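Enquirer: Return a 3D structure for these sequence lines:
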Amino acid sequence: MSAGLRLLVVEDEPSTRAELAGQLAELPSVGEVRCAAGGDEAVRLLGSGSFDAAFLDIAMPGLTGMDVARILKRLSDPPEIVFVTAYDNHAVEAFGLGAADYLLKPFRPERLAEAVARLGRRRTGRPVGDKADDLAVVQVELAGRTVFVRRDDIAYAEAHGDYVRLHCSQKDIGRGSHLLRQSLTYLEEVWDAAGFVRAHRSFLINLAAVTELRVTSTAGLVAVTEVGEVPVSRRHSRLLRERLLQAAREGGRTQ
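Expert: Okay, here's the model as predicted:
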């Protein structure tokens with residue numbers, strides 16, 4: 001029996017299913033990859049065998065990926081779940097179901113390898129508290145070179161199509177913004193413990209970078225940082241204020 005990860009790919013589109021299964025099978029930490037053409041078949045396979053993780057498409061006829069994930073949550077020893085979809089509007093619900101990752105199509109091979117590496121870490125029982133260390137340092141491409149940016153030097157992140165634009169003040173790479181191939185929802189999930197809070201559907205802000213909240217005549221409420229102003233929506237304003245107050249209190253107790 002292989003010591004590698006045993007994975008199930010659930011995708012109703014044949015060419016996409018074959019491509020994803022092939023990419024997974026090439027990764028050294030993967031032992032076996034099986035496929036299901038839909039949610040009903042996936043439930044049968046998952047009920048009759050042991051899998052480390054299921055890669056679920058969301059929009060499928062019959063049982064959707066979300067339906068399958070809810071069924072898996074009832075198992076005594078459920079496999080990890082990785083959603084693979086072209087839509088980012090299910091991310092909040094996905095992580096609410098305990099998803100290990102959320103891949104947006106089309107994704108690069110490196111992004112898939114990162115998801116599988118995360119599965120390996122979760123499988124070996126790395127402490128949950130270490131999750132905040134995921135992406136504590138991110139890589140950005142700058143003028144033909146790869147530069148490492150510390151999460152703590154990022155003032156805020158802004159959704160930018162399939163990317164996230166990081167706004168930072170790190171002097172050695174210059175002020176400005178840098179693109180990261182990642183979803184804002186995923187960054188929110190892994191950086192929450194590090195003090196990053198959603199201020200707007202398109203913005204994630206570092207609480208430590210906020211110097212004040214200000215009401216403007218054009219943008220309404222904004223959070224002011226050293227590198228720019230971030231709009232704050234009504235939906236997110238209360239939580240942002242509460243987290244800022246909490247951070248201020250905790251900072252006062254440690255001084």
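Enquirer: quick one, domains of this structure?
Expert: Listed domain ranges for the chain are 5-127, 135-253 (source: automatic domain parsing).
Enquirer: Can you pull up the most central residue in the chain?
Expert: Geometric centre of the chain, nearest residue: Y186, 2.0 Å, by CA atoms, centre = their mean.
Enquirer: Ignoring the adjacent residues along the chain, who's closest to that residue?
Expert: Excluding its sequence neighbours, the residue lying closest to Y186 (CB to CB, 6 or more residues apart in numbering) is Y102, at 5.8 Å. Every C-beta, even on glycine, is put in place using the N, C-alpha and C of the backbone.
Enquirer: ok, that neighbour touching E93?
Expert: No: using CB atoms under 8 Å, Y102 makes no contact with E93, being 10.1 Å away.
Enquirer: Can you pull the phi and psi angles for the residue nearest to the centre of the chain?
Expert: With angles defined as degrees, to the nearest 10, Y186 shows backbone torsions of phi -70, psi -40.
Enquirer: can you pull the contacts of L45?
Expert: L8, R34, A36, F51 (CB atoms under 8 Å, 6 or more residues apart in numbering).
Enquirer: try it again with 7 Å
Expert: For L45, the contact set (CB atoms under 7 Å, 6 or more residues apart in numbering) comprises L8, R34, A36.
Enquirer: could I get those as JSON lines with distance to R44?
Expert: Shown next, in JSON lines, are the contacts of L45 (distance: CB to CB, whole Å):
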{"residue": "L8", "distance to R44": "11"}
{"residue": "R34", "distance to R44": "11"}
{"residue": "A36", "distance to R44": "8"}
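Enquirer: Out of these, the closest to G195 would be?
Expert: L8 (36.0 Å; CB to CB).
Enquirer: quick revisit: would you reformat the domains of the chain as TSV and include mean pLDDT?
Expert: Formatted as TSV, the domains of the chain follow (pLDDT from 0 to 100):
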stretch	mean pLDDT
domain 5-127	87
domain 135-253	84
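Enquirer: Surely the residue nearest to Y186 forms part of a strand?
Expert: Yes: Y102: assigned to a strand according to DSSP: H, G, I helix; E, B strand; the rest coil.
Enquirer: Can you give me the neighbour number for it?
Expert: By the criterion of other CB atoms under 10 Å, Y102 has 22 neighbours.
Enquirer: And it, how close does it get to L5?
Expert: Y102 sits 18 Å away from L5, going by CB to CB, to the nearest Å.
Enquirer: for S169, same thing?
Expert: From S169 to L5 the distance is 40 Å (CB to CB).
Enquirer: Stretch 96-111: which residues count as buried?
Expert: A99, A100, D101, Y102, L103, L104, F107 (16 or more other CB atoms under 10 Å).
Enquirer: what sits up against that stretch?
Expert: Residues from elsewhere that reach stretch 96-111 (CB under 7 Å, 6+ apart): 23, 53, 69-70, 73, 80-86, 88, 91, 94-95, 112, 115, 118-119, 122, 162, 181, 183, 185-186.
Enquirer: Now do the helices in the protein.
Expert: Applying DSSP state H to the chain gives helices spanning 14-25, 39-48, 65-72, 91-96, 109-123, 184-191, 234-253.
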